[in-house]
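Trainee: What follows is a predicted structure for the sequence shown.
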Amino acid sequence: MIRHFATATATVAAVFASMPAAGQAQAPARSVTITVDARKAVGALPPAWRFFGADEPNYATMKDGRKLLVELGKLKHGEVFFRAHNLLSSGDGTPAFKWGSTNAYREGGDGKPIYDWTIVDNIIDTYLARGIRPYLQIGFMPEALSSAPKGTPYQHLWRPGFAYNLIATAWTYPPTSYDKWADLIYQWTRHNVEKYGRDEVNRWYFEVWNEPDSKFYWQASPDEFNKLHDFAVHAVRRALPSARVGGPDVATADGFMDGFLRHVTSERNYATGEIGTPTDFLSFHAKGSPRFVDGHVRMGIATHLRNVDNGFTKIADFTALASKPIVIGESDPEGCAACPGPQNAYRNGTMYSSYTAASFARIWDLAAKRRVNLDGILSWSFEFEDQPWFAGYRQLSTNGVDLPVLNVFRLFAQLGPERIAATSDAQVSLDAIVKDGVRGEADVGTLATRTTDGRVAVLMWHYHDDDVAGPDAAIQLTIANAKGRAAKLWRVDRDHANSFAAWQRMGSPQSPDAKQYAELEAASAMRPEEVAPATAPRDGRRFAVTLPRQGVALLVLDAQ
């Protein structure tokens, strides 16, 4: 989805503006008090961060794509999911911006279907070999099935800088035959069950299409999409009755979503003639809205969170579906990973990583407030193969070197399943950040958990919507009712786990040699610091942590 798009490619200078320079003079530190109570449980914390996705499915099988998938799989082996567009698009598998293909379906001269799973199998094999499972998006329309008007191009020619509506070519149309569409999905699902096994495929997610409420992705009515969805879901369930199916992954949870929820619960199914459509999970998208103002990026976290809250509220108010698992199928600071530009110059450095920590924490809070069943928060970010270093795309790595944002997901992976009480006297309240974002004093927030082996894991972040320098936070962290004697601290900030800052220091080379590449890899890695606790009241422990602007840190205190 796209909401804000700059037609000019980001300049190197604009990209460099995305973080304060290392060593830049800072104002006096701001004193912050964070208090955690290790004995006070406040609810479960679902590992909702373990979902990722991309427009370009074929990047997964390329050198840097394979390397990044290894890192994603390590986060929570076997429980990380990947969603990709274009798994049924026609073509030879050559990727391009916002494009990919598998050539799974074509027709012979007699009009009979010809199925070829070679390319799509290779993509799924690549996921599974690295501990990742598919969030299997059923789309887009194969060329031989597209009902697009004669003469409509099939593969789009969009590239960064072009008008976004150029992506909407023949792959966005309904099928000429719903029977052939359904048989394609049935045959694909049957093949997956035969190749990977029923137990494995039962763990996947199946959803139809992408953003059918957007003219960029769907050239027909909402009713026609409901028909597409019904035939696809019925075909999946014919091949695997226990498959996990859902949707609709709309761009925004608006009136289109209302119609979909009514349809799957109370209207006649286009494929079966019965009332309703099997629905195991619900999905919608939510994006922020950064702008370039006064020479810097200003993020739009409030817009992002309001979109999340709207989706949660809509589902919670729909009684028949209120308890269903929810996946925010794309949850990002803005709407186009492949679109660089001044307003997107936050992506290489620590603005992206601090935004991720602050926004995910509030999404967990909103789910608890609305009492919905949050299952996933999917970051629509992967990598762009063989592009310039730190080119300004929304991605997790550049040329195989991790960006700071990926380390935040590594911090999330260390959180435990049980949330415990934690407060910060400098944390912007949930209501305030949803309403206005962070435009006054910075948001120095926290979230604390207990791990399954009894350790206390405390996440801390220092976020502001404006990508400008600001004072450090001098945090006094007290963990009450904790007896651990050893603690470790992981940091992601201007001086730690930051390949972008290291690249700037070496002169921003566009062709790093092998030695420089190794230095960038080393600079991207988090390294735990041993920190000694001081005794605190209530049988607790106390720590002093300095957290720079746009910094994220995780402190883990041993159980004993």
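Mentor: Looks like it arrived, so ask away.
Trainee: okay, CA-based contacts and neighbour counts for the rest of this
Mentor: Will do.
Trainee: What is the neighbour count of the residue nearest to residue 90 when sequence neighbours are not counted?
Mentor: Leaving out its chain neighbours, the residue that sits closest to residue 90 by CA to CA, 6 or more residues apart in numbering is residue 103, at 4.3 Å. For residue 103, the neighbour count with other CA atoms under 10 Å is 23.
Trainee: ditto for residue 370
Mentor: 15.
Trainee: okay but the residue nearest to residue 90 is in contact with residue 119, surely?
Mentor: Yes. Contact criterion CA atoms under 8 Å: residue 103 and residue 119 qualify, at 7.4 Å.
Trainee: shared neighbours, these two?
Mentor: residue 93 (CA atoms under 8 Å, 6 or more residues apart in numbering).
Trainee: got the contact list for the residue nearest to residue 90?
Mentor: Contact partners of residue 103, counting by CA under 8 Å, 6+ apart, are 88, 89, 90, 91, 92, 93, 116, 117, 119, 142.
Trainee: pLDDT score for it?
Mentor: Here the pLDDT value assigned to residue 103 is 97.
Trainee: Highest neighbour count among the contacts of residue 103?
Mentor: Going by other CA under 10 Å, residue 142 tops those with 28 neighbours.
Trainee: Pretty sure that one sits against residue 88.
Mentor: Yes. In this structure residue 142 lies within contact range of residue 88 using CA under 8 Å: 6.1 Å.
Trainee: okay, and the common contacts of the two?
Mentor: 103, 104, 105.
Trainee: With secondary structure as extra columns, can I get the residues you listed in JSON lines?
Mentor: JSON lines is the format used below for the shared contacts of residue 142 and residue 88 (DSSP: H, G, I helix; E, B strand; the rest coil):
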{"residue": "103", "secondary structure": "coil"}
{"residue": "104", "secondary structure": "coil"}
{"residue": "105", "secondary structure": "strand"}
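Trainee: from the contacts of residue 103, which two are the most distant?
Mentor: The distance between the two most remote of the contacts of residue 103 (CA to CA) is 14.1 Å, for 119 and 142.
Trainee: Can you report how many residues neighbour residue 111?
Mentor: Residue 111, neighbours per other CA under 10 Å, totals 9.
Trainee: Go ahead and list the helix or strand containing it.
Mentor: For residue 111, there is no host helix or strand (DSSP states H and E).
Trainee: now do residue 53
Mentor: Counting by DSSP H and E, the element that carries residue 53 is strand 51-54.
Trainee: what do you get for residue 369?
Mentor: Going by DSSP H and E, residue 369 is part of helix 350-370.
Trainee: what's next to the strand holding residue 53, contact-wise?
Mentor: 80-85, 330, 376-382.
Trainee: repeat that with 6 Å
Mentor: The contact list for strand 51-54 (CA atoms under 6 Å, 6 or more residues apart in numbering) reads 80, 81, 82, 83, 84, 378, 379, 380, 381, 382.
Trainee: now swap in stretch 372-385 and tell me
Mentor: Defining contact as CA under 6 Å, 6+ apart, one finds that stretch 372-385 is touched by 48-49, 51-54, 325-331, 394-397.
Trainee: what do you get for stretch 281-297?
Mentor: Contacts with stretch 281-297, where a contact means CA under 6 Å, 6+ apart, come from 246-252, 298-301, 303-304, 307-308, 324-335, 343, 467.
Trainee: Identify each buried residue in it, please.
Mentor: For stretch 281-297, burial by neighbour count (16 or more other CA atoms under 10 Å) applies to 281-292, 296-297.
Trainee: give me phi/psi at residue 99?
Mentor: Phi and psi for residue 99, reported as degrees, to the nearest 10, are phi -150, psi 150.
Trainee: thought it was touching residue 58?
Mentor: No. Using CA atoms under 6 Å, residue 99 makes no contact with residue 58, being 8.7 Å away.
Trainee: what's near enough to touch the closest residue to residue 424 other than its chain neighbours?
Mentor: Spatial nearest neighbour of residue 424, chain neighbours left out: residue 34 (4.3 Å); criterion: CA to CA, 6+ apart. Counting by CA under 6 Å, 6+ apart, residue 34 touches 423, 424, 477.
Trainee: pretty sure residue 91 contacts residue 99?
Mentor: No. The criterion here is CA under 6 Å, and residue 91 misses it with residue 99 at 9.9 Å.
Trainee: returning to what we had before: got TSV for the buried residues of stretch 281-297, with secondary structure and pLDDT too?
Mentor: Below are the buried residues of stretch 281-297 laid out as TSV (DSSP: H, G, I helix; E, B strand; the rest coil; pLDDT from 0 to 100):
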residue	secondary structure	pLDDT
281	strand	98
282	strand	98
283	strand	98
284	strand	98
285	strand	98
286	strand	98
287	strand	98
288	coil	98
289	coil	96
290	coil	96
291	strand	96
292	strand	95
296	strand	96
297	strand	96
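Trainee: Mind picking the two most distant members of these?
Mentor: 281 and 296, at 39.1 Å, using CA to CA across these.
Trainee: ok so the residue nearest to residue 424 is a helix residue?
Mentor: No. Under three-state DSSP, residue 34 sits outside any helix and is assigned strand.
Trainee: Residue 478 versus that one, what's the distance?
Mentor: In this structure, residue 34 and residue 478 are 6 Å apart, going by CA to CA, to the nearest Å.
Trainee: And the spatially most central residue of the chain, what's its pLDDT?
Mentor: The centre of the chain sits closest to residue 379, judged by CA atoms, centre = their mean, with a distance of 0.6 Å. Turning to residue 379, the model gives it a pLDDT of 98.
Trainee: Next: residue 537.
Mentor: Per the predicted model, pLDDT is 78 at residue 537.
Trainee: mind listing the strands for the stretch 301-450 of the chain?
Mentor: For the stretch 301-450 of the chain, the strands defined by DSSP state E, counting those that start in this stretch occupy 325-332, 373-379, 397-398, 401-402, 418-424, 443-450.
Trainee: To residue 456, which of those strands lies closest?
Mentor: Residue 456 lies closest to strand 443-450 among those, at 4.7 Å (CA to CA).
Trainee: What lies in contact with that closest one?
Mentor: Here strand 443-450 makes contact (CA under 6 Å, 6+ apart) with 416, 418-420, 422, 424, 426-428, 456-463.
Trainee: and if you look at stretch 460-467?
Mentor: For stretch 460-467, contacts defined as CA under 6 Å, 6+ apart pick out 297-299, 354, 438, 442-446, 549-553.
Trainee: and residue 478, that's in a strand?
Mentor: Yes. Judged by three-state DSSP, residue 478 forms part of a strand.
Trainee: Counting neighbours, what do you get for it?
Mentor: Residue 478 has 24 neighbours, counted by other CA under 10 Å.
Trainee: What helix or strand is the closest residue to it other than its chain neighbours located in?
Mentor: The shortest distance from residue 478 to any non-neighbouring residue, by CA to CA, 6+ apart, is to residue 542 (4.4 Å). Using DSSP H and E, residue 542 sits within strand 540-547.
Trainee: Fine by me, we can end here.
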